[in-house]
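Asker: Fold the following and give me the result.
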Amino acid sequence: MPGETLGVVGESGSGKSVSFLTVMGLITARQAQIQGEVIFEGVDLVKLPKEEMRNIRGLKIGMVFQDPMTSLHPFYKVGNQIAEAILAHRKVGKKEAMDQAVDMLRRVGIPRPDERARQYPHEFSGGMRQRAMIAMALSLNPDLLIADEPTTALDVTVQAQILDLIDRLKQEFNAAVVIITHDLGVVAEHCDNIQVMYAGKAVEYGYARDIYYDADHPYTWGLLQSIARVDAPRTERLKPIKGLPPSLIFVPPGCPFHPRCPYVFDRCRTEVPQLLPVDGHHASACHLSLEDKDRIFKEEVMVHQ
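Answerer: Numbering: from 1, shown residues only. The predicted model follows:
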């Protein structure tokens, strides 16, 4: 919904970035087998011809790609790269496109935008490059902004500035935002809804408050328990999730999380759980009974939060 933020969380390799690169039409059937639907404004993006998808990409859906240090082309000035996106979708002259690029740099908080627009990416700090990437993604006022790990390689202070900037611009442009991250602290403060992904699939979805205070899936419990708490006793140890995420080429049978799940039983090893409503806006993909999940969360997970 416009003005709302969805946080997509999961470990590295859980399929977060690949899923949204597919939404953008940047992973094709030649590179991978694509199944399912991506419904945007009533249209299935997966079935769109390349030309039609090119008209949506950038204009209707903008994306801030992972790692600002390598996302901008090193041979071209920053202003020209932003103006290029505008020229590709709008019938404007080069001067007007450059003026819009400078204005976007100003709106994302880059000082002396006229001067900065004539500089190359290597002359920008990491935080300024990320601001430039956000300016490029929002230059056409898209309805949806996808930010893939927007705080990668940035120090903590700059991370907070970038996330606050995305929040402000979301309201200013009345856009819906997707933040892809492995940092549950980010989604706690900045997201309205959370989708937890594992092995390429959503395993839990709900309002942020429900995911934090009434999580329903063992994988989500593991993510919550692995967060370091400032107020925790010094003797309390972190409880990391045992094992490693599976290869998306060789996904285990049944529930993909069952080799790492401490609550696994026979059904988990053979039957894939479906993402089903728990209550209202909250959905989960787990074979455990509601009574068992409620008991485990209260007795083993809540005490560590």
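
Asker: count of neighbours near L105?
Answerer: 27 (other Cβ atoms under 10 Å). All C-beta atoms are positioned from the backbone trio N, CA, C, and that covers glycine.

Asker: Checking it next. Helix, strand or coil?
Answerer: helix (DSSP: H, G, I helix; E, B strand; the rest coil).

Asker: So for it, what's the nearest residue that isn't a sequence neighbour?
Answerer: P113 (3.8 Å; Cβ to Cβ, 6 or more residues apart in numbering).

Asker: Now the phi/psi pair for that neighbour, please.
Answerer: phi -60, psi -30 (degrees, to the nearest 10).

Asker: That one: neighbour count?
Answerer: P113: 20 neighbours (other Cβ under 10 Å).

Asker: Got the confidence number for the residue nearest to the spatial centre of the chain?
Answerer: Nearest to the mean C-alpha position of the chain, by Cα atoms, centre = their mean, lies I180 at 1.5 Å. Among the per-residue scores, I180 shows a pLDDT of 96.

Asker: Equivalent analysis for the one 10 residues further on, please.
Answerer: Note on H190: pLDDT of 92.

Asker: what does V301 give?
Answerer: Reported pLDDT for V301: 83.

Asker: residue contacts, the closest residue to it other than its chain neighbours?
Answerer: Nearest residue to V301 in three dimensions, chain neighbours excluded: W221, at 4.7 Å (Cβ to Cβ, 6+ apart). By Cβ atoms under 8 Å, 6 or more residues apart in numbering, W221 lies in contact with 215, 296-297, 300-301.

Asker: picking up where we left off before, and the residue nearest to L105, how far from E172?
Answerer: Distance from P113 to E172, counting by Cβ to Cβ, to the nearest Å: 16 Å.

Asker: V272 now?
Answerer: 42 Å.

Asker: more neighbours, those two?
Answerer: Neighbours per residue, other Cβ under 10 Å: of V272 and E172, the larger number sits with V272, 14 against 11.

Asker: Tell me the secondary structure at that one.
Answerer: Applying three-state DSSP: V272 is coil.

Asker: what's the answer for V196, then?
Answerer: strand.

Asker: Distance-wise, check it relative to G243.
Answerer: The value you get for V196 to G243, if Cβ to Cβ is used, is 17 Å.
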